[in-house]
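> when you get a sec, could you give me coordinates for this:
(chains A and B)
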Amino acid sequence: MIEISGVTKRYGRGFRRRVTALDSLDLELEGGKTVALVGPNGAGKSTLFGVLAGLVRPDGGSVRIEGRTPSDRIRADGIGFLPDRIRFANRRPVAEELGRLAILDGCPVREISSRVDHALEATGLRERRKSMCGSLSNGMRQRLGLAQLLLRPRSVLLLDEPMAGLDPLWRSRFRSLLSGLRAADPDMTVLISSHELGEMARIADRVAVIQAGRVAGTLEIDGDSTSMERRVLEILELDGVE
Amino acid sequence: MIRISILFPRLVRDRFPRAAVATAVLLSLTVPLLMRGASDAAAGVRDGISAGPASGTATVIPIVALLLALAAAWLADGVVSDLKRDGSAPLVLTRPVSRIGYFTARWLAGFVCLAGAGLVTALVLNGAARFSGFVWPGLSPVGALGAAAASWLWVGSAVLVLSSLLERGEALAGALLLVLPFFLTGMLAPGNSIARVAAVLPSRTVLDVSRTLLAGDPVIGSHLGRVAAWGAGSVALGLFLAVRREWSASG
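The predicted structure follows:
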């Protein structure tokens, strides 16, 4: 479960230059649910992911992930995080990069190679295990980002635009991968952001519409992507987005 | 801690290319100097003057001490800012590992490489002196490790602070400014006003400690204490800043 209460984050210095990325944002994510975060560019989605991942310090409010602050939760068990525009060390082989992340995940040394192989197999990158990360295309890099999530089981997944750059085949496979992870751990909490409302209707249980740093509305998914898209747009229009 | 100790050899390996370049620069600038000293000494012996050991010590050791400080700045740059540059911070820092432990390991990995560069330089210079028949007490290999430690404690830790506060290019520029006093205090007369200002930093002390250690002589305790105090303070500040630093949530 993730509880976000009154979280505010401003960037820049001085009164005139301060940009409010999150404005007293409240949101609650139940365990075992997948919540889609949708909203226009600059709404504060990535900043919210940064706060939840312990990378960005909020100016106010509180965040609790399974009852702990993000940094305490990360230190104890880590968080599965796929950032927007993911990057890896360019001059490092794919398998070596995953091996390092597996070490940091606390995988037993004997199992690292097999876990890396499994993650590469699941994301169709087995043939590229010796390639340098810098030589991967955008889509492959995104798949490598998915692979690093598969190195160990996780109870919290934060996925910021996970399908950006994926072709239709890999979008479908991504949905299968995510279903598999959720089936393996029914209590897993997933927060996922995307501009693809149709995809979100297939994946998520609930949608939170974020606009100008706060939650403009939430809605339950009823499986009809067209009606969901219309309702999301209604919420945004009611909130003054042109 | 176990995870970081398993990762440590890989962190050292990341710094190998820079350490190799640093060693090459150290050797390319000092071996010819030593060889020239050897030929000058041989000519002096022919003229009835025995100046070998003194000229070797006077020319090579200060250069090695200065270059070790420069190499320390270069190796320490990126301890923190490389994570930002290659975009790996969001993936690394969301894993169940202590941030302070991780950054300490990265910092220590740089020291291992600098110590390696210092040791190889000492061994190659001693070998070159022996090969050329130059009578010279040589560089103490243990002293080279000590000189690397002194340089790292001061320059490496100060660059850690810069690296935590600034982006990569800015950190490197700051590091070069930091090393500048080494040149000022090492090359200017002690009475010079710039040298006096530069002497506020412990650069001169580090340089003296490095030279003494490289020559295999005992070091004054208060000098060691000053270097250790500056180093400990800078490392603590650098690690604090690194742990508190904000990172972009994008790659």
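> what's the burial count for the closest residue to chain A within the stretch 1-150 of chain B?
Closest contact between the stretch 1-150 of chain B and chain A, by Cβ to the nearest Cβ, is at B:Gly87 (2.9 Å). C-beta: built from backbone N, CA, C; applies to glycine. Residues near B:Gly87, counting by other Cβ atoms under 10 Å in any protein chain shown, number 19.
> looks to me like it is in a helix.
No: under DSSP: H, G, I helix; E, B strand; the rest coil, B:Gly87 falls outside any helix and is assigned coil.
> quick one: it from B:Arg3, how far?
The gap separating B:Gly87 from B:Arg3 is 21 Å, by Cβ to Cβ, to the nearest Å.
> repeat that for B:Gly225.
Applying Cβ to Cβ, the value for B:Gly225 to B:Arg3 is 34 Å.
> which strand or helix spans the most centrally placed residue in chain B?
The centroid of chain B falls nearest to B:Ala72 when counting by Cα atoms, centre = their mean (3.2 Å). Element membership for B:Ala72 (DSSP states H and E) is helix B:52-76.
> can you name the residues of chain B that neighbour chain A?
Listed as neighbours of chain A in chain B under the rule Cβ under 8 Å from any Cβ of the partner chain: B:3, B:6-7, B:10, B:86-98, B:102, B:246-251.
> which of these fall in helices?
Members of these lying in helices (criterion: DSSP state H): B:3, B:6-7, B:10, B:89-92, B:102.
> just the buried residues of these.
B:3, B:6-7, B:89-92, B:102 (16 or more other Cβ atoms under 10 Å in any protein chain shown).
> state the pair within those that is farthest apart.
Spatial extent of those (Cβ to Cβ) is set by the pair B:Ile6 and B:Pro90 at 21.5 Å.
> okay, now the unreliable bits of chain A?
For chain A, applying pLDDT under 70 flags the ranges A:13-17, A:223-224, A:239-242.
> and the helices in it, which stretches?
Along chain A, counting by DSSP H, helices occupy A:14-17, A:45-52, A:70-77, A:94-105, A:109-122, A:138-149, A:168-184, A:197-203, A:225-238.
> point out the most buried one among those.
helix A:45-52 (a mean of 26; mean count of other Cβ atoms under 10 Å in any protein chain shown).
> which residues touch B:Leu125?
By Cβ atoms under 8 Å, 6 or more residues apart in numbering or on different chains, the contact set of B:Leu125 is B:27, B:30-31, B:34, B:60, B:64, B:138-139.
> most neighbours, which of the residues you listed?
Of all these, B:Leu139 has the most neighbours under the rule other Cβ under 10 Å, reaching 29 neighbours.
> circling back to that earlier point, between the helices of chain A, which gets nearest to B:Leu123?
Closest approach to B:Leu123 among those is made by helix A:94-105 (30.5 Å; Cβ to Cβ).
> so which residue is dead centre in chain A?
Central residue of chain A (Cα atoms, centre = their mean): A:Leu159, 1.3 Å from the mean position.
> distance-wise, check that residue relative to chain B.
Between A:Leu159 and chain B the computed distance is 12 Å (Cβ to the nearest Cβ, to the nearest Å).
> any idea what that residue is bridged to?
Listed by DSSP bridges, the beta-bridge partners for A:Leu159 are A:Leu82, A:Ile192.
> list the residues that contact it.
Contacts for A:Leu159 (Cβ under 8 Å, 6+ apart) come out as A:82, A:190-193.
> export these to a markdown table and tack on distance to A:Arg206 and neighbour count?
Converted to a markdown table, those look like this (distance: Cβ to Cβ, whole Å; neighbours: other Cβ atoms under 10 Å in any protein chain shown):
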| residue | distance to A:Arg206 | neighbour count |
| --- | --- | --- |
| A:Leu82 | 20 | 22 |
| A:Val190 | 11 | 23 |
| A:Leu191 | 10 | 24 |
| A:Ile192 | 11 | 23 |
| A:Ser193 | 13 | 24 |
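> for A:Pro104, give me its contacts.
Check again: residue A:104 is Leu, not Pro. A:Leu104 neighbours (Cβ under 8 Å, 6+ apart): B:3, B:7, B:92, B:95-97, B:102.
> again, only using 10 Å
A:78, A:151, B:3-4, B:6-7, B:91-97, B:102 (Cβ atoms under 10 Å, 6 or more residues apart in numbering or on different chains).
> any idea of the pLDDT on the residue nearest to it when sequence neighbours are not counted?
Distance criterion Cβ to Cβ, 6 or more residues apart in numbering or on different chains; nearest residue to A:Leu104, sequence neighbours excluded, is B:Arg95 at 4.1 Å. Reading off the confidence values, B:Arg95 has pLDDT 94.
> what do you get for B:Ser210?
Reported pLDDT for B:Ser210: 88.
> surely it meets B:Leu224?
No: counting by Cβ atoms under 10 Å, B:Ser210 sits too far from B:Leu224 to count as a contact (11.4 Å).
> okay, these two: which has more neighbours?
The neighbour comparison of B:Ser210 against B:Leu224 (other Cβ under 10 Å) goes to B:Ser210, with 30 against 17.
> quickly list what the nearest residue to A:Glu220 once chain neighbours are set aside is bridged to.
Among residues not flanking A:Glu220 along the chain, A:Arg206 sits closest, at 5.7 Å (Cβ to Cβ, 6+ apart). According to DSSP bridges, the residues that bridge with A:Arg206 are A:Val35, A:Glu220.
> give me the neighbour count for the residue nearest to A:Ser5 when sequence neighbours are not counted.
Nearest non-adjacent residue to A:Ser5, counting by Cβ to Cβ, 6+ apart: A:Ser62, 5.2 Å away. Residues lying near A:Ser62 (other Cβ under 10 Å) number 11.
> who are the contact partners of A:Ser62?
The neighbourhood of A:Ser62, defined by Cβ under 10 Å, 6+ apart, consists of A:3-7, A:69.
> neighbour-wise, give me the winner out of the residues you listed.
When neighbours are taken as other Cβ under 10 Å, the top entry among the contacts of A:Ser62 is A:Val7 (25 neighbours).
> starting at the chain centroid, how far to the helix or strand where B:Ala147 lies?
Applying DSSP H and E as the criterion places B:Ala147 in helix B:141-151. For helix B:141-151, the separation from the chain centroid amounts to 9 Å (computed by Cα atoms, centre = their mean, to the nearest Å).
> give the rounded mean pLDDT of the helix or strand following that helix.
Later in the chain than helix B:141-151, the nearest helix or strand by DSSP H and E is helix B:157-165. Summarised as a single mean, pLDDT over helix B:157-165 is 84.
> so what does helix B:157-165 touch, helix or strand wise?
Secondary-structure packing of helix B:157-165 (3 or more Cβ pairs under 10 Å, 6 or more residues apart in numbering or on different chains; DSSP states H and E): helix B:52-76, helix B:81-85, helix B:99-131, helix B:168-187, helix B:221-244.
> flag every buried residue along the longest one.
Going by neighbour count (16+ other Cβ under 10 Å), the buried part of helix B:99-131 is B:99, B:101-122, B:124-126, B:128-129.
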